[in-house]
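Student: What shape does this take:
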Amino acid sequence: MARPRTVHDSVPRCNAGHPGLQHRRTIGIYLQFALANWTFFDAAILSAHAHPPYEDPQIPPPVHVQFVDWVPGICSLLGMLIINLIDKDRIRGDDYGDSTAVWRARLFLFIGFAFMAGGLAGSVSLLVLKYVMMDYPEQYTYYGYANVSQNVALMLSAVVLWIAQSAQTEYDYSLTL
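Tutor: Just a heads-up that it's a prediction; the model follows:
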């Protein structure tokens, strides 16, 4: 015969005495954020130090990372900041009597997601128009792939951070707004 479950049975006992383990999801989110930016910075550094082909040293490298390549990442970063600066209770309308505050919070949430979607769309279009259609060698198309991977990782980081901040406990995740 099984004993009845209590509220505390679902919580693992191994994390109770380890204060460093309780912040691992936050560390994972920021590592993903750092990895996202590192991939693009790697491509920018490789572009700055690109050499001409060894067969013909008089021909310069065909493409470099320019300011237009930075714009999608900047848009996604701004969108991530806007999304994560919004108070989650204000979006739900909890404890706020002012209905315009809820409306404004939802508007800024939409603007943040629009920035992130625009950054992803810009990086994909930049990859296709600047790197794939020009039929560059693979060492140069890496710049475009790094830009897309940066924006995808920033979007995933923002979503995971949103979910982690809206959880009441370490083991409770909710996808509600």
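
Student: tell me which element the residue lying closest to residue 87 once chain neighbours are set aside falls in.
Tutor: Setting aside the residues directly before and after it, residue 87 is nearest to residue 105 in space (Cβ to Cβ, 6 or more residues apart in numbering), at 6.9 Å. All C-beta atoms are positioned from the backbone trio N, CA, C, and that covers glycine. In the assignment (DSSP states H and E), residue 105 maps to helix 99-126.

Student: So which bits of that helix are buried?
Tutor: Judged by neighbour count (16 or more other Cβ atoms under 10 Å), helix 99-126 contains these buried residues: 102, 105, 108-109, 112-113, 115-116, 118-120, 122-124, 126.

Student: and what of stretch 52-72?
Tutor: 63, 65, 69, 71, 72.

Student: cool, and stretch 129-148?
Tutor: Buried residues in stretch 129-148 (16+ other Cβ under 10 Å): 130, 131, 136, 140, 141, 142, 143, 144, 145, 146, 147, 148.

Student: end-to-end on that stretch?
Tutor: One end of stretch 129-148 to the other measures 13 Å (Cα to Cα, to the nearest Å).

Student: for the chain, which spans come out with low pLDDT?
Tutor: 1-23, 25, 53, 94-97, 166-177 (pLDDT under 70).

Student: What ranges does it have for its helices?
Tutor: Ranges of helices within the chain are 24-48, 67-85, 88-92, 99-126, 138-166, based on DSSP state H.
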